[in-house]
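# I need the structure of the sequence given here:
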Amino acid sequence: MTTFLHALRAEAIKFTSLRSSRIASLATVAVVIGAAYGVTALTHQAMLSGDVTAAGGLEPQSAFLMVLHYGQIGAVFLGASVFAQERDNGVVASSLLAVPDRRSFFLAKALSALAFGVAVALPAVLGSYAARCAVLDCRAVGSLTSLPGGDLRLLAGYIVYWSLISLLSFLISSAFRSGIVGLTAMLALTLAISPYLLELTSAARFLPDQAGAQLLLQDAPLAGDLGPMLGLLVLLSWIGVFAVAGFLSVRSWAVNHAEKGVGS
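The predicted structure is shown next:
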């Protein structure tokens, strides 16, 4: 346990001390909140002026949710960077020597990816909602969802989703020993492949991002939907699969190969 706590503390220090990590975290939060305010203001103004087409099919009260959808890019990047920051800087060997217990090493990094996802998701999601309320009277426009728990449940769903997607991004990166692979795979899946496959087959519902998106439902699940609980279980199953793959990859990574930046 002591080894694990030392490793976890080291991960936190490394991440917070890296300029790129701080910039990415702050930029994600700032861009999401700023974009949420801008999109809400523009759609609200379009509705007031009667120019519905200028709103681009968005409703002022829910326009910021589109920003949160694309804001997950920041969470994906942060998750992949937990692995890439050492892999690309060629200091993996030093970390492996400092923490010879590969289980502690891997678990510390995994929990760091999850924690960093939460740390970014909380201010980004809640801040975007506050930005929406700065433009609209949230009490007057009513709840975003018809489900029990109201807006609080929906916002919690986004925070959980971002956090788990950040963790999954790290796990894929560790499985393939490349932050670029993890980042590319997650972005391609969430932004292109998954939506396309969903149009072709209902089996795409079981892809990690589509399953996790069930946490973000605003209305009762339709026939064929997984629903929030099953969707969460499917996403956690994907995380479990890549957790095993990532640990096996890290466990078999020889220090001399890590020094050379070789993936085997």
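
# Please count neighbours and contacts with C-alpha atoms only from this point.
Will do.

# Tell me which residues touch the residue nearest to residue 141 when sequence neighbours are not counted, please.
In space, residue 141 comes closest to residue 61 once its chain neighbours are excluded; the distance is 6.9 Å by C-alpha to C-alpha, 6 or more residues apart in numbering. By C-alpha atoms under 8 Å, 6 or more residues apart in numbering, residue 61 lies in contact with 40, 132, 136, 141, 144.

# Please report how far the third one lies from residue 59.
Spelled out, that is residue 136. Distance of residue 136 to residue 59, given as C-alpha to C-alpha, to the nearest Å: 12 Å.

# Ok, the first one next?
Using C-alpha to C-alpha, we find residue 40 at a distance of 8 Å from residue 59.

# Compare those two (neighbour count), which wins?
Each of residue 40 and residue 59 has its neighbours counted (other C-alpha atoms under 10 Å); residue 40 has more, 29 against 16.

# Quick check: next helix or strand after the longest helix along the chain?
Ordering each helix of the chain by length in residues (DSSP state H) puts helix 102-135 first. Tracing the chain past helix 102-135, the next element assigned as helix or strand by DSSP states H and E is helix 138-141.

# The following helix or strand past that following helix: which residues count as buried?
Next in sequence after helix 138-141, counting helices and strands by DSSP H and E, comes helix 150-176. Neighbour counts using 16 or more other C-alpha atoms under 10 Å place 151, 153-176 of helix 150-176 among the buried residues.

# Check stretch 70-81 too.
Applying a neighbour-count criterion of 16+ other C-alpha under 10 Å, one finds 71, 72, 73, 74, 75, 76, 77, 78, 79, 80, 81 buried in stretch 70-81.

# I'd like the mean pLDDT over it, please.
Taken as a whole, stretch 70-81 has an average pLDDT of 90.

# same thing with stretch 41-54?
Averaged across stretch 41-54, the pLDDT comes to 78.

# With just CA atoms, put it into CSV.
Extracted in CSV, the C-alpha atoms of stretch 41-54 (Å, rounded to 0.1, in the frame of the first residue of the first chain):
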residue,chain,number,x,y,z
ALA,A,41,-26.3,33.6,-26.1
LEU,A,42,-26.4,33.3,-29.9
THR,A,43,-29.3,30.8,-30.0
HIS,A,44,-31.2,32.9,-27.5
GLN,A,45,-30.7,36.0,-29.5
ALA,A,46,-31.7,34.2,-32.7
MET,A,47,-35.0,33.1,-31.1
LEU,A,48,-35.7,36.6,-29.8
SER,A,49,-35.2,38.1,-33.2
GLY,A,50,-37.4,35.4,-34.8
ASP,A,51,-34.6,34.1,-37.0
VAL,A,52,-35.0,30.4,-36.2
THR,A,53,-32.6,29.3,-38.9
ALA,A,54,-29.8,31.3,-37.3
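
# Please compute how far that stretch lies from its chain's middle.
Centroid displacement of stretch 41-54 relative to its chain, using C-alpha atoms, centre = their mean, to the nearest Å, is 31 Å.

# Kindly check the end-to-end length of stretch 220-239 for me.
Using C-alpha to C-alpha, first and last residues of stretch 220-239 are 26 Å apart.

# just stretch 183-194 next, same as before
Using C-alpha to C-alpha, the end-to-end distance of stretch 183-194 comes to 15 Å.

# ok, the residue found closest to residue 40 once you drop the neighbours it is linked to in the chain to residue 215 distance?
Distances taken as C-alpha to C-alpha, 6+ apart place residue 60 nearest to residue 40, at 5.2 Å, with adjacent residues excluded. Distance of residue 60 to residue 215, computed by C-alpha to C-alpha: 22 Å.

# do the same with residue 184
Relative to residue 215, residue 184 is positioned 24 Å away (C-alpha to C-alpha).

# Which one's more surrounded, these two?
Neighbour count, other C-alpha under 10 Å: between residue 184 and residue 215, residue 215 has more, with 24 against 15.
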